[in-house]
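**Student:** Here is a sequence together with a model predicted from it:
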Amino acid sequence: MDTLTIEEEDEAALASLVPAPPHRKTQSFSHQFDLKPHPHIRRNRKHSLDEIPRSATLAAEAAVYFDSSDDEFSTGGVVANGDSVCDGGEDYAVVTPPPDAVVGEDDVKPLPEFVGAGGGAGIFKVPVRAAVHPGRPPCLELRPHPLRETQNGRFLRNVACTETQLWAGQENGVRFWNLEEAYEAGCGVVEGQVRRGDEDTSPFHESVATSPALCLLADQSNKVMWSGHKDGKIRAWKMDCVSDDDSNPFKERISWQAHRGPVNSIVISSYGDMWTCSEGGVIKIWPWESLEKSLLLKPEEKHMAALLIERCPIDLRSQVTVNGTCSISSSEVKYLLNDSVRAKVWAVQSLSFSIWDARSKDLLKVLDVEGQVECRVDMPPTHGQQSDHEMKAKLPTPSKKEKSPGFLQRSRNAIMGAAGAVRRVATRSAGVYVEDTRKTEAIILAVDGTIWTGNMSGLIVQWDGDGTRLRYVNHHHRAVLCFCTFGDRIYVGYASGYIQVLDLDGDLVSSWVSHNEPVIKLAAGGGFVFSLATHGGVRGWYVTSPGPIDNIIRTELSQKETSYARQDNVRVLIGTWNVGQGRASHGALMSWLGSVTSDVGVVVVGLQEVDMGAGFLAMSAAKETVGLEGSVAGQWWIDAIGKALDEKKTFERMGSRQLAGLLISLWARKEIRTHVGDLDVAAVPCGFGRAIGNKGGVGLRIRVYDRIMCFVNCHLAAHLEAVNRRNADFNHIFRLMVFSRGQNLSNAAAGMVLLFLFLSCSLAFSTYLFWLLYSSGLPWALSLAAGASTAAYTLKTTTNPSPGAEEVKSDLAAADMIAFFGDFNYRLYGISYDEARDFITQRSFDWLREMDQLRQEMKLGKVFQGMREALITFPPTYKFERNKAGLGGYDSGEKKRIPAWCDRVIYRDTQSTPFSESNLQCPVVSSVIMYEACMDVTESDHKPVRCKFHATISHVDKSVRRQELGNIIKSNEEIRSIFEDQKTVPETTVSTNSIVLQGQDTGTLTITNNSTTSKAIFSILCGGQTIVKDDGEEESEYNPRGSFGLPRWLEVSPAHGIIKPEEAVEVKVHHEDVHTLEEYADSVPQSEDTRDREAILMVNIRGSCSTTWTSHSIKVRHCFSARVCVLESKPADQAENLDGSPREEAGDEDL
């Protein structure tokens, strides 16, 4: 095509098509090579390489560590800021297997391979593996990461912990683990069948099927676990439910309909009442008296218990609504927090907090996330109004003096406006909104009485009990999703999978990657801090970590590697074909793929140019803008290949991804299907301003025997002279490929509206582009179309907060195996068409390989750094005349394009040196046993290529490793000594063991920390209350309220706190005037009760990191009569538990 003339005003339009870089701190990269032009090459494409920016490079010292079969591929290579270019690292090599080297049961000989230079540094360095993760504390894998496909309808969503049990809420009910069984072997085989996803999970007990459990709350005083569900119900589960037959799921104790919408959060206040919240700003209180009566009913009276509770709630929203105006927002209440220090309850909405008095139920204050008191009561605008206002396009208006825009500028503005309209309407229709990074995602009460909140930007804010903002810290760029506390430490879970440990001043104590997916819940108990990730994996971190125990466990567990290491073999077939917008016969597909799959476990197929043309590319760009992908032609190819692979009987289709003309799809043999899963997809466009998918890469990431394999189908820049551009395309794909689960279009909120809108806009879009083609020529029209997808690509890659100055990870760099394949478009240089034909006829491929551009670039370490390719022994696969068989089919037309090996397969595994043995330090060892082109297939101008790998995969039997960890914990004396030290509690004294109150008296008790070195943490609970008869005798046993809550006639302040060494704290015990108090029972105010009352306060003391506590017992009596009350003294170190037995020391769990 003739070179086009670009007018001055249109150059700016073209320049503006290059999208802003996404949130990853890296840009496209190209090192300009000093290549001399070949005399036969016409250089008339002036703008192909000149404006390619240079990229950031990798910090050379950054090593990638993670556990051998630990799936932490999110902690990949680290991309740091800088302008230097990789210096090449290790040299290239040609590796020939030893003469006696064979692989597999059929003793196949591996092929010789060429290894590119530059693989010893940066993100191209082989990631470091170990039997036990050296970069984080050892952990108890209570539930190893299950394959995502096994969890449909069963995902775990929250956890709650006691000292003896861990409970989990899941999408079909609840389950619990007894921590004394935590180290036992997996329970995957139940009645002869494998429980998918739980093969290696510690023994657990599961409930009957229910609606998804969204929240859990442990009520230790009544041995009940409360769960809130998506259907609006609250259920109570007995903690001590023991069944002789574990195959029979346990049932709830009681349940009732609490809300019309989902129950988002449950807390029990300082006075034992249950507070729950839901959408629409609804907060309800369920008085303890009604809950207590319901729990006393027999299981067969569950219906009566539900009616008893459902008639008694207090709706707080209605109480603060006057004349139709409400003092709190109607947005969803997501979290509740019981401030047990000051007897308050915090209700958390997205951008505001409301603070309530737990006793009087009065609204005390409404704050925004900045700490400003909100006095307005107007309703916020709807999401649709906000979206319209915020996303309205603002196009600059030229002044009268400015020159009017050129044709290309006007065309670009029109297309960008149309694409923006599609995106705005589709976004609203699908219910997708831009997240406010100030949105609160987690809240926790620390032992010093301060309250900590975390938001979407990673900001952590400290508040006092009155809602005053004290300080804020920001140690990580990703969203804070959860908190928990243990002693004087605050644990923070992030969307990146990180866990951080903070002190009470907000300073960072330690940090590590706990999971490869977001940490959605943390819970402390039994000497552990348990973390739950979105994939359903549960890990327990010792509260002594980080500390000396970590190295002890790591060393001993590594020495037992042989007992839990396992090894499996799998063969992977990769096929690549540039189909040139055509279709193939079933015979061609059988010749290419179907004939060589008898021993293959995984098949990956990559196609290029499935669909091309200006109209299709523009439509594809618009579809990517609104989150759609795929085409009719792409689906035809997937179905046709599936038929060739005998999909229904032999292979199972796992997934696919299409970007314009690029298509990748993967199949797994049914025999190994249980070991293959967690498919993620990715796409990186490289064509026309890095926005159109005519060039670029599509990828699949999958777990095979607990190892991560990534497959990337590429179509790189064309033309003989565009070497630099091809190198830059590879670098752009490698650094920017971000895997995700893909779009779930079937669940779109307004799918029909979106489809109608898309089709209408696409028709107008394509018509307009056709006119552009007619007026201006193909390349410029496609360049303009790039603007339509620029916004889409930017939108997709900026949904997460910017990482700021933090390091950015590469998904591909952390994989155990990476395979790049496709039409790389590298050509033969320094040779004429006739010379190339002669060498091909003579099969002189050794000499031709030396003229291969890709091999030369790999020798210099400028592309595919450190990766390997089997030596090519087949003729060049490009360019042929269609439907012309044999070597005589090479292009003989006017252009006579020089034959070239455009279609290639290049890979990298975990071998740092050739011929390494597979073990947990080098878990994936692969070799190529087939690399050939199907020269008999003539349906395209490219020949299809296939490459078969034999991979030996080492992985961990996590059930056995957990048992070995338990043996180490039980047998190692040094570890036992550390755990015993954790049971030490500072010596404390309490000034009295009895308090008598009359009227509105206030008594005082003093707690003194006698230790000279350790801080003491105290909490004051109520072990129960009783009525005193006129003769001074107790009427009944002490009955505790919910979560050992206080009776309403008693106030204790502060009820929790921390005492420094050799210091004391005074606690006020006050009687509230009963004449102003309404006691609620069945929603009916009761008459005043003038009988004397008595309560048992339990002062629990523990150290700042103690796993046990001691308890002091204090009798508090309120006397209405004028007689002198004399209380019988009780030992100060005893407390009554629920069954009336004395408790000397509580929480002494055996680790």
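**Tutor:** That came through fine.
**Student:** pLDDT below threshold where in the stretch 701-850 of the chain?
**Tutor:** Along the stretch 701-850 of the chain, the parts satisfying pLDDT under 70 run over 742-809.
**Student:** for it, what spans make up the helices?
**Tutor:** 723-736, 751-776, 778-797, 833-841, 845-850 (DSSP state H, counting those that start in this stretch).
**Student:** got it, and the stretch 301-450 of the chain?
**Tutor:** Counting by DSSP H, counting those that start in this stretch, the stretch 301-450 of the chain has these helices, from start to end: 302-310, 316-319, 383-390, 407-429.
**Student:** Which of those has the lowest mean pLDDT?
**Tutor:** Among the helices of the stretch 301-450 of the chain, helix 383-390 carries the lowest mean pLDDT, a mean of 38.
**Student:** Y92 versus E181, what's the distance?
**Tutor:** 54 Å (Cβ to Cβ, to the nearest Å). Where C-beta positions appear, they are placed from N, C-alpha and C, glycine not excepted.
**Student:** More neighbours: which of these two?
**Tutor:** Y92 (19 against 13; other Cβ atoms under 10 Å).
**Student:** Pretty sure the more buried one sits against A117.
**Tutor:** Yes - between Y92 and A117 there is a contact under Cβ atoms under 8 Å: 4.3 Å.
**Student:** list residues touching both of those two?
**Tutor:** Taking Cβ atoms under 8 Å, 6 or more residues apart in numbering as the contact rule, Y92 and A117 both touch 858-859, 861.
**Student:** Mind giving me the ChimeraX command for buried ones among the residues you listed?
**Tutor:** Filtering the shared contacts of Y92 and A117 down to the buried ones (16 or more other Cβ atoms under 10 Å) takes a single ChimeraX command:
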select :858,859,861
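**Student:** taking the shared contacts of Y92 and A117 one by one, which sit in helices?
**Tutor:** In helices, judged by DSSP state H, the following of these are found: 858-859.
**Student:** Q567: neighbouring residues, count only.
**Tutor:** Count around Q567 with other Cβ under 10 Å applied: 14.
**Student:** next one: W636
**Tutor:** W636: 12 surrounding residues under other Cβ under 10 Å.
**Student:** and of the shared contacts of Y92 and A117, the nearest to A347?
**Tutor:** G861 (58.2 Å; Cβ to Cβ).
**Student:** Is that closest one in contact with G118, as I believe?
**Tutor:** Yes - with contact defined as Cβ under 8 Å, G861 reaches G118; the gap is 2.9 Å.
**Student:** quick one on the thing from earlier: next, format the shared contacts of Y92 and A117 as JSON lines and append distance to L367 and pLDDT.
**Tutor:** What follows is the shared contacts of Y92 and A117, written out as JSON lines (distance: Cβ to Cβ, whole Å; pLDDT from 0 to 100):
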{"residue": "M858", "distance to L367": "60", "pLDDT": "96"}
{"residue": "K859", "distance to L367": "63", "pLDDT": "95"}
{"residue": "G861", "distance to L367": "57", "pLDDT": "94"}
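**Student:** ok, now which ones touch the nearest residue to Q1025 once chain neighbours are set aside?
**Tutor:** Residue nearest to Q1025 in three dimensions, not counting chain neighbours: A1095, with 4.2 Å by Cβ to Cβ, 6 or more residues apart in numbering. For A1095, the contacting residues are 1022-1026, 1038, 1046-1047, 1050, 1115-1117, by Cβ under 8 Å, 6+ apart.
**Student:** what do you get for V905?
**Tutor:** Counting by Cβ under 8 Å, 6+ apart, V905 makes contact with 574, 576, 819-821, 869-870, 931, 945, 947.
**Student:** Please apply the same query to G487.
**Tutor:** G487 neighbours (Cβ under 8 Å, 6+ apart): 447, 543, 1017, 1102-1106.
**Student:** For D448, see how far away it is.
**Tutor:** 11 Å.
**Student:** okay, and the helix or strand of the chain with the least pLDDT?
**Tutor:** strand 1142-1143 (a mean of 34; mean pLDDT, DSSP states H and E).
**Student:** Mean confidence (pLDDT) on stretch 567-575, please.
**Tutor:** Mean per-residue pLDDT for stretch 567-575: 97.
**Student:** what's it in contact with?
**Tutor:** By Cβ under 8 Å, 6+ apart, stretch 567-575 touches 104, 592-593, 596-597, 599-606, 672, 675, 704-705, 709, 711, 819, 821, 905, 918, 926, 929, 944-955.
**Student:** Any quick ChimeraX command for the buried ones out of the residues you listed?
**Tutor:** Buried members of these, defined by 16+ other Cβ under 10 Å, are picked up in ChimeraX with:
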select :592,593,596,597,599,600,601,602,603,604,605,606,675,704,705,709,711,819,821,905,918,926,929,944,945,946,947,948,949,950,951,952,953,954,955
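**Student:** which SSE is the residue nearest to Q1025 in?
**Tutor:** When elements are assigned from DSSP states H and E, A1095 belongs to strand 1092-1103.
**Student:** Let's test this: mean pLDDT of that strand, rounded?
**Tutor:** For strand 1092-1103, the mean pLDDT works out to 88.
**Student:** partners of it, with directions?
**Tutor:** Take DSSP bridges as the rule and strand 1092-1103 pairs in its sheet with strand 1016-1028 (antiparallel), strand 1109-1119 (antiparallel).
**Student:** would you turn those into TSV with mean neighbour count?
**Tutor:** TSV is the format used below for those (neighbours: other Cβ atoms under 10 Å):
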stretch	mean neighbour count
strand 1016-1028	22
strand 1109-1119	22
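**Student:** Format those as TSV; extra columns: mean pLDDT and distance to G272.
**Tutor:** TSV is the format used below for these (pLDDT from 0 to 100; distance: least, Cβ to Cβ, whole Å):
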stretch	mean pLDDT	distance to G272
strand 1016-1028	86	8
strand 1109-1119	87	16
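**Student:** Tell me which of those approaches D198 most closely.
**Tutor:** With Cβ to Cβ as the criterion, D198 lies closest to strand 1109-1119 of those, at 33.7 Å.
**Student:** starting at the chain centroid, how far to that closest one?
**Tutor:** Relative to the mean C-alpha coordinate of its chain, strand 1109-1119 is positioned 46 Å out (Cα atoms, centre = their mean, to the nearest Å).
**Student:** any idea how far L965 is from G540?
**Tutor:** 10 Å.
**Student:** When these two are compared, which one has more neighbours?
**Tutor:** The residue with more neighbours, out of G540 and L965, is G540; 25 against 22, by other Cβ under 10 Å.
**Student:** outside of the host helix or strand of the more buried one, which residues touch it?
**Tutor:** G540 belongs to strand 538-542 when assigned by DSSP H and E. By Cβ under 8 Å, 6+ apart, the list of residues contacting strand 538-542 from outside reads 137-143, 156, 159, 166, 168, 182, 499, 514-515, 527-532, 549, 1151.
**Student:** quick one: which of the residues you listed sit in helices?
**Tutor:** I549.
**Student:** Could you tell me which residues touch both of G540 and L965?
**Tutor:** Listed as contacting both G540 and L965 by Cβ under 8 Å, 6+ apart are L140.
**Student:** can you list the weak-confidence ranges in the stretch 901-1050 of the chain?
**Tutor:** Applying pLDDT under 70 to the stretch 901-1050 of the chain flags the ranges 1029-1036.
**Student:** can you pull out the strands in it?
**Tutor:** 903-908, 924-933, 945-956, 988-990, 994-998, 1002-1009, 1016-1028, 1050-1053 (DSSP state E, counting those that start in this stretch).
**Student:** Which among these is found nearest to F483?
**Tutor:** Using Cβ to Cβ, the strands of the stretch 901-1050 of the chain put strand 1016-1028 closest to F483, at 17.0 Å.
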